[in-house]
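Student: attaching a predicted model along with its sequence, questions to come.
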Protein chains: 2
Amino acid sequence: MTGQVRDAVRTRRALLDAAARAVVVHGAGVSLDAVAREAGVSKGGLMHHYRSKDELMAALADDLFDQFARAVEDRIDPADTAPGRRLRAYVRATFDDLEKTQDAVEQTTLMATLSAFPEPARRAQERYRRWNRTLAEDGVDPQRILVVLRACDGASIAPLFEGPLGPEELAGTRSLLLALATGTGPLVG
Amino acid sequence: MTGQVRDAVRTRRALLDAAARAVVVHGAGVSLDAVAREAGVSKGGLMHHYRSKDELMAALADDLFDQFARAVEDRIDPADTAPGRRLRAYVRATFDDLEKTQDAVEQTTLMATLSAFPEPARRAQERYRRWNRTLAEDGVDPQRILVVLRACDGASIAPLFEGPLGPEELAGTRSLLLALATGTGPLVG
DNA sequence: CGGAGCGTACCGACCAGACGGTTTGTTAGC
DNA sequence: GCTAACAAACCGTCTGGTCGGTACGCTCCG
């Protein structure tokens, strides 16, 4: 049944979505009350599903990472068998996110804020290391990977400091990074 | 006199340093008490110099930006007259900071945390826009500037998510970015 | 079929402590 | 002696977390 009054899965989903919105608005100082209210749940209900604020934030972080990982997998071109196909998918996923102008700033704010909590920060490290390993097994020159990854990260946080990026700037950087992610040899001067 | 008991300049310096340390340890939730204690000053003393938490954080952010700006200026090679000399100085300043391993993670944590406060966030935007303008007047292809800047930003926040970066990785990325910052033409595939 | 029993989902009042900021008081230096 | 630099006690508010209780929905037995 979909119309159930009690539905743990649905409630948890609502709580995560509400938490995301509330964190963007109120910053790291969000109150659990605010999150619960935003989700249309009592604070007791929230505490039933997430036993502490840290646990809620950790769950939120995991959710975001999962979404991004799925986005990358979705963007692997099946016709593309050349080395670096996963790295290129990573670039596409990054910039597709950035092009949803509204979301971009919020997403970034969200991640930056989350990194202020201990458990989310730890999980972020774990995920990043995993990406490093995964992408390294893709046949591209390590230097290229590094630059492309750093530039992706930089582009991701840029909205936080500079506001939304212009579409032409995004498109330019995107194609440039895709090009960098395509060659196999080292790139020098 | 240097041995004065009352010295506003010295006290403010101590407060900013203490705030930096305290923010790194306690995150965005630092209490003013903690900062004051760390600085060896009473809370009243703190409030005398900075009338609110936001004001303290803004001052801290300004301090960091000023330091970085000075670091860039210091690293402009006087013998280097080719286009992009300031961009290369920017790269050097970024990676010199990153190589002080201890500081790197803390510095990044600090910036990320600060960006959670309204006033510091606004000032960060202002500074970044200024850098964009300044570096654009340096004769390098805009695309190159963008990639190099993004990669610098990315490298700066990487420690936050991945822990300290290895020296060989840093050296590699650094020289690669310096190379990218040297050519004047557009770089394609 | 039905209703008793039970576990999970959820509610809402409550508390202890902490925090930002104010106020009032004290002392150093010009 | 007057002002700026501090100190210290204080206050109202808010927050994370707890707890006792309620309502829903399933299951299993008769």
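Tutor: Here it is on my side, so go on. Residues are numbered from 1 along each chain as shown, chains lettered A, B, ... in the order given.

Student: make it CA atoms for all contacts and neighbour counts henceforth
Tutor: Noted.

Student: how does chain A divide into domains?
Tutor: A:1-51, A:61-180 (automatic domain parsing).

Student: now those domains as JSON lines including mean pLDDT and distance to chain B?
Tutor: Shown next, in JSON lines, are those (pLDDT from 0 to 100; distance: least, CA to the nearest CA, whole Å):
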{"stretch": "domain A:1-51", "mean pLDDT": "90", "distance to chain B": "6"}
{"stretch": "domain A:61-180", "mean pLDDT": "91", "distance to chain B": "4"}
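
Student: tell me the most buried of those?
Tutor: When those are scored by mean count of other CA atoms under 10 Å in any protein chain shown, the highest mean neighbour count falls to domain A:61-180 (a mean of 19).

Student: distance of A:Glu162 from A:Ala155?
Tutor: Distance of A:Glu162 to A:Ala155, computed by CA to CA, to the nearest Å: 10 Å.

Student: list the residues that contact both of those two?
Tutor: Shared contacts of A:Glu162 and A:Ala155, defined by CA atoms under 8 Å, 6 or more residues apart in numbering or on different chains, are absent.

Student: apart from its chain neighbours, what residue comes closest to A:Asp138?
Tutor: Spatial nearest neighbour of A:Asp138, excluding adjacent residues (CA to CA, 6 or more residues apart in numbering or on different chains): A:Gly84 at 5.3 Å.

Student: from DNA strand D, how far out is that neighbour?
Tutor: 43 Å (CA to the nearest atom of the strand, to the nearest Å).

Student: just to revisit the earlier point, let's have the domains of chain A in JSON lines, adding distance to B:Leu110.
Tutor: Below are the domains of chain A laid out as JSON lines (distance: least, CA to CA, whole Å):
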{"stretch": "domain A:1-51", "distance to B:Leu110": "14"}
{"stretch": "domain A:61-180", "distance to B:Leu110": "10"}
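
Student: contact partners for A:Asp54?
Tutor: Here A:Asp54 is in contact with A:117-120 (CA under 8 Å, 6+ apart).

Student: need those residues in CSV (columns: secondary structure and distance to A:Leu149).
Tutor: As requested, those are exported to CSV (DSSP: H, G, I helix; E, B strand; the rest coil; distance: CA to CA, whole Å):
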residue, secondary structure, distance to A:Leu149
A:Phe117, coil, 24
A:Pro118, helix, 24
A:Glu119, helix, 24
A:Pro120, helix, 21
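
Student: give me the element the closest residue to DNA strand C within chain A is part of.
Tutor: Going by CA to the nearest atom of the strand, DNA strand C is nearest to A:Gly44 of chain A, at 3.0 Å. In this structure, A:Gly44 sits in helix A:43-49 according to DSSP states H and E.

Student: so is the following helix or strand past that helix next to DNA strand C?
Tutor: Counting by DSSP H and E, the next helix or strand C-terminal to helix A:43-49 is helix A:53-74. No. Contact of helix A:53-74 with DNA strand C (CA under 7 Å from any atom of the strand) is absent, the minimum separation being 14.0 Å.

Student: by contact count, what packs against the helix or strand following helix A:53-74?
Tutor: Remark: after helix A:53-74, the chain's next helix or strand is helix A:85-99, criterion DSSP H and E. Secondary-structure packing of helix A:85-99 (3 or more CA pairs under 8 Å, 6 or more residues apart in numbering or on different chains; DSSP states H and E): helix A:53-74, helix A:101-114, helix A:142-162, helix A:167-180.

Student: repeat that with 7 Å
Tutor: Here helix A:85-99 touches helix A:53-74, helix A:167-180, going by 3 or more CA pairs under 7 Å, 6 or more residues apart in numbering or on different chains; DSSP states H and E.
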